[in-house]
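In: pasting the structure only:
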């Protein structure tokens, strides 16, 4: 059965992979992005796919962002039955020269991971919504390992893990509050190749049982499962996809 799926952050590293996957499967995919250039790049790649790719440009930077996105979703019709909350902002991951993150970046990261997804979800809950998946991180489950980084204080922003931890609890809260009509789950990914050098990859593999980082294609399976009816009795759960990182 074909679905209407909303993917926030649909043109980022993970978001692009997910958006193209579900469009290839023939689903109607609404996706958000911050710029027209990113939208154009995704539409170019996905122009021959069976499903639809429908862009919504928004940076989620003000108190009315959820309402604005809701209006654009309503105008595109029909409402999505599934939301994949994947949006993030690399700009809010900045760390000061002293290794201390600014208050504004802590708040922006929290807003992107928790406040905006909550607001948008609550606006869509009375429509056709049936399923929600949060794209989260193992750093919402455990603290980072300093030996992984060349310069730990300058490379690992504390606001990221704090916001992802709150996001995992939001998953549980929404699973209770939206049941039984809506299922809510999260997937916490480990490190994904693409933004790190060879030395980082070597250090990473020595810290995980599977001896490797994830590949971009590895993100699809768990989300595909949670979106499908195969997971119809699963809600409020977080699935770690990390090669075993969090068992040590």
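Out: That came through fine. Computed from a predicted structure; not experimentally measured. Numbering: from 1, shown residues only.

In: hey, which helix is longest across this structure?
Out: helix 158-177 (DSSP state H).

In: Whatever helix or strand comes next after that helix vs helix 158-177, what angle?
Out: Using DSSP states H and E, the next helix or strand after helix 158-177 towards the C-terminus is strand 183-189. Orientation check (axes from the mean of the first three to the mean of the last three CA atoms, to 10 degrees): strand 183-189 against helix 158-177 gives 160 degrees.

In: and residue 171, how many neighbours does it have?
Out: Applying other CB atoms under 10 Å, we find 25 residues neighbouring residue 171. Where C-beta positions appear, they are placed from N, C-alpha and C, glycine not excepted.

In: What of residue 246?
Out: Residues within reach of residue 246, counting by other CB under 10 Å, total 14.

In: residue contacts, it?
Out: 138, 141, 142, 188, 240 (CB atoms under 8 Å, 6 or more residues apart in numbering).

In: With neighbour count added, can I get those in a markdown table?
Out: Converted to a markdown table, the contacts of residue 246 look like this (neighbours: other CB atoms under 10 Å):
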| residue | neighbour count |
| --- | --- |
| 138 | 21 |
| 141 | 18 |
| 142 | 16 |
| 188 | 25 |
| 240 | 21 |
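
In: Where strands are concerned, which of these count?
Out: Residues of the contacts of residue 246 located in strands (DSSP state E): 188, 240.

In: what's the closest of the contacts of residue 246 to residue 67?
Out: residue 188 (29.3 Å; CB to CB).

In: Now do the strands in the protein.
Out: Using DSSP E, strands in the chain cover 4-7, 28-33, 52-57, 82-85, 131-137, 183-189, 238-241.

In: Reformat those strands as JSON lines; add mean pLDDT and distance to residue 213.
Out: Formatted as JSON lines, those follow (pLDDT from 0 to 100; distance: least, CB to CB, whole Å):
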{"stretch": "strand 4-7", "mean pLDDT": "98", "distance to residue 213": "23"}
{"stretch": "strand 28-33", "mean pLDDT": "98", "distance to residue 213": "25"}
{"stretch": "strand 52-57", "mean pLDDT": "96", "distance to residue 213": "28"}
{"stretch": "strand 82-85", "mean pLDDT": "98", "distance to residue 213": "22"}
{"stretch": "strand 131-137", "mean pLDDT": "98", "distance to residue 213": "13"}
{"stretch": "strand 183-189", "mean pLDDT": "98", "distance to residue 213": "10"}
{"stretch": "strand 238-241", "mean pLDDT": "98", "distance to residue 213": "12"}
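
In: Cool, thanks, talk later.
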